[in-house]
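S.K.: Sequence and computational prediction follow.
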Amino acid sequence: MPGAWHNPAMRIYLVGGAVRDKLLGRAVADRDYVVVGARPEELQARGFRPVGKDFPVFLHPETGEEYALARTERKTGRGYHGFAFHADPSVTLEQDLERRDLTINAMAEDERGALVDPFGGARDLAARVLRHVSPAFVEDPVRVLRVARFAARYAPLGFAVAEETRALMRRMVEDGEVDHLVPERVWAETQRALAEPQPSAFLRTLRACGALAVLFPEVDALYGVPQRAEFHPEVDTGAHLELVLDAAARLAPGDALVGFCALTHDLGKALTPKDEWPRHVMHEVRGVAPLQALCARLKVPADYAALAELVCRHHLVAHQALELRPGTVLELLEQLDAFRRGGRLEAFLLACEADKRGRLGLADAAYPQADYLRAAFAAAAAVKAAPFVAQGLTGPAIAEAMRRARLAAIAAVPRTSRPSP
């Protein structure tokens, strides 16, 4: 490390997620540090690069790891940005840790490796509890989303949100604090939650405190809507959605794109007139408008919005793949733009398979439709223009000849299985 520390009062602590994951026996991906008893110029003199706009955060000149000066914060207004930060050498480690969200994230490790745990984080880790550090939790609405995201990460390990923390989250919703979350932050936390092992816990946690209805009304509206029991033994559309999300996480671990498609594929069922329940004819068409509204409101990236709409519109077509005519199969591949964007087909099929498996008792159900569509695509994609050019064809004639050849190639793909309902 460049230079030597000449300030005897300065102490450096490993903090947050690295300490938590180390105690859980999980791989530590990122290491963040808090520096107590120092001033910004002391770090800069040793080559640290400042990156924090609102408070002093620095990157280590060799490792690139983050070092933040110990700080306190004071609520000054509504929402995520309504804070004033104070950092100087008098701020203690405990004061810095106290401003954090959960006890399991408010632990530190000193330079000798000794645990510093003023708020019982290790105890809550052992008890599998997500608990707020202090009443100041209510000052930052992002924490509602963060708790839900941590629930999605750690639910497979048996973690649950403490009831007193749930009560604070409900109070934040009732006080309107969640209404002031900026779309970009809602999306960022949601995207991360969809990449966690059990995204259903994200929805359940938000719903339990009322935040789902505020942030994702299109999703919240699915709860209580019945489906046909012969196809959906779980009956409730919200329960189905939770199963689909977790199936997507198993089929495509860490893939938030597939997760988002799973989250939004059935939004149209909330718009089915009640006198048509439990049938949902045309829900794939009805679902487009609420999906587009959700994507616009949260500023969802264009690639996520586009593929989610394709899954919404065409997931029933995928389920019927083994019964489709070659022309319909080719039309689906063209609508997916699969010949130019092959990766899109795979994400589409994973989301559709998650929809099939996201039903009570069907978590391990076969989905031969996906393998058939993959084979159909491979056969059609093998058709190239060169032979038709060699025959002297030009322009539209080449396109028509390729289309006929692709239809013939798809027709030759065996359909060895029939889809289950």
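M.R.: Received, thanks. Numbering: from 1, shown residues only.
S.K.: State the distance from residue 124 to residue 48.
M.R.: 33 Å (CB to CB, to the nearest Å). In this view, the C-beta of every residue, glycine as well, is placed from N, C-alpha and C.
S.K.: Please, which helix or strand holds the closest residue in space to residue 226 that isn't next to it in sequence?
M.R.: Spatial nearest neighbour of residue 226, excluding adjacent residues (CB to CB, 6 or more residues apart in numbering): residue 278 at 4.3 Å. Assigned by DSSP states H and E, residue 278 belongs to no helix or strand.
S.K.: can you check residue 35 too?
M.R.: Assessed by DSSP H and E, residue 35 sits inside strand 32-36.
S.K.: Tell me the strands beside that strand, with direction?
M.R.: Paired strands of strand 32-36, with direction, are strand 11-15 (antiparallel), strand 66-69 (parallel) (DSSP bridges).
S.K.: could I get these as CSV with mean neighbour count?
M.R.: Shown next, in CSV, are those (neighbours: other CB atoms under 10 Å):
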stretch, mean neighbour count
strand 11-15, 20
strand 66-69, 20
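S.K.: ok so, going back, my read: the residue nearest to residue 226 touches residue 227, true?
M.R.: Yes. The criterion here is CB atoms under 8 Å, and residue 278 meets it with residue 227 at 5.2 Å.
S.K.: neighbour count winner among those two?
M.R.: residue 227 (24 against 16; other CB atoms under 10 Å).
S.K.: okay, and the common contacts of residue 278 and residue 227?
M.R.: The contact sets of residue 278 and residue 227 overlap at residue 235 (CB atoms under 8 Å, 6 or more residues apart in numbering).
S.K.: any idea how far residue 327 is from the closest residue to residue 157 other than its chain neighbours?
M.R.: Computed as CB to CB, 6+ apart, the closest residue to residue 157 that is not its neighbour in sequence is residue 128, at 6.4 Å. From residue 128 over to residue 327 the distance is 54 Å, taken as CB to CB.
S.K.: give me the number of residues near residue 184?
M.R.: Count around residue 184 with other CB under 10 Å applied: 11.
S.K.: In PDB, list the C-alpha atoms belonging to the one helix or strand it maps to.
M.R.: Taking DSSP H and E as the definition, residue 184 sits inside helix 183-194. Below are the C-alpha coordinates for helix 183-194, written out as PDB (Å, rounded to 0.1, in the frame of the first residue of the first chain):
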ATOM      1  CA  PRO A 183     -38.100   4.700 -10.700                       C
ATOM      2  CA  GLU A 184     -34.400   4.000 -11.400                       C
ATOM      3  CA  ARG A 185     -33.900   2.800  -7.800                       C
ATOM      4  CA  VAL A 186     -37.000   0.700  -7.800                       C
ATOM      5  CA  TRP A 187     -35.900  -0.900 -11.000                       C
ATOM      6  CA  ALA A 188     -32.300  -1.500  -9.800                       C
ATOM      7  CA  GLU A 189     -33.500  -3.300  -6.600                       C
ATOM      8  CA  THR A 190     -36.100  -5.300  -8.500                       C
ATOM      9  CA  GLN A 191     -33.600  -6.400 -11.100                       C
ATOM     10  CA  ARG A 192     -31.300  -7.600  -8.400                       C
ATOM     11  CA  ALA A 193     -34.100  -9.400  -6.600                       C
ATOM     12  CA  LEU A 194     -35.100 -11.200  -9.800                       C
END
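S.K.: Would you mind listing the buried residues in that helix?
M.R.: Buried residues in helix 183-194, defined by neighbour count with 16 or more other CB atoms under 10 Å: 185-187, 189-194.
S.K.: returning to what we had before: with residue 411 as the reference, name the closest of the strands paired with strand 32-36.
M.R.: strand 66-69 (57.6 Å; CB to CB).
S.K.: sorry, back to before: how near is the residue nearest to residue 157 to residue 71?
M.R.: Distance from residue 128 to residue 71, by CB to CB: 30 Å.
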